[in-house]
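Colleague: Take this sequence and fold it.
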Amino acid sequence: MTLLAAGSATALLAPPRDGIAANAPAAKPVTLPEPIPRKVRAEIEKQKKNAAAQLKVIRDYVLPAGSPMAFEFRPLRKRGK
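Modeller: Numbering: from 1, shown residues only. Now for the predicted structure:
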C-alpha cells in the first residue's frame, strides 16, 4: 500500500510531457496533502536515487566503435491485388 501511495505521489510531482501538455486544456493545480507523510517522502527520495543511479549507468556506457545497430527500419512493400 505504501508503494502504491508513493507511486501516486511521484506521478503527481513529475513534470508533464511536452506533447501531452501542449494539447491538453489548462488544468487546475494539484495540491498534495499537507504535510506529506514521512513514509511517502522517504519512498519518493528512494525512487529518485534509484532513477539517478540507473541513468548514470546508461549514460556512462560506451558503445564500441563499429558496434551493430539496435534496429533498422525497413518499410514494407505494398501488396499487389
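Colleague: From here on, just use CA atoms for contacts and neighbour counts.
Modeller: OK.
Colleague: Show me the strands in the chain, by range?
Modeller: Per DSSP state E, the chain carries no strands over any range.
Colleague: now it, which segments are flagged as low pLDDT?
Modeller: For the chain, residues meeting the criterion pLDDT under 70 lie at 1-24, 27, 30, 32-33, 81.
Colleague: buried stuff in the lengthiest helix in it?
Modeller: In terms of residue count, the longest helix belonging to the chain (DSSP state H) is helix 38-60. For helix 38-60, the neighbour count (16 or more other C-alpha atoms under 10 Å) marks 40, 43-44 as buried.
Colleague: Same check on stretch 73-81?
Modeller: Buried-residue list, stretch 73-81, by 16+ other C-alpha under 10 Å: empty.
Colleague: mind starting the numbering at 13 from now?
Modeller: Renumbered: residue one is now 13, and that last one reads stretch 85-93.
Colleague: Could you dump the buried residues of helix 50-72 into a markdown table with distance to Ala77 added?
Modeller: As requested, the buried residues of helix 50-72 are arranged in a markdown table below (distance: C-alpha to C-alpha, whole Å):
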| residue | distance to Ala77 |
| --- | --- |
| Val52 | 44 |
| Glu55 | 40 |
| Ile56 | 38 |
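Colleague: and which of those is nearest Ala38?
Modeller: Among the buried residues of helix 50-72, Ile56 lies closest to Ala38 (C-alpha to C-alpha), at 26.3 Å.
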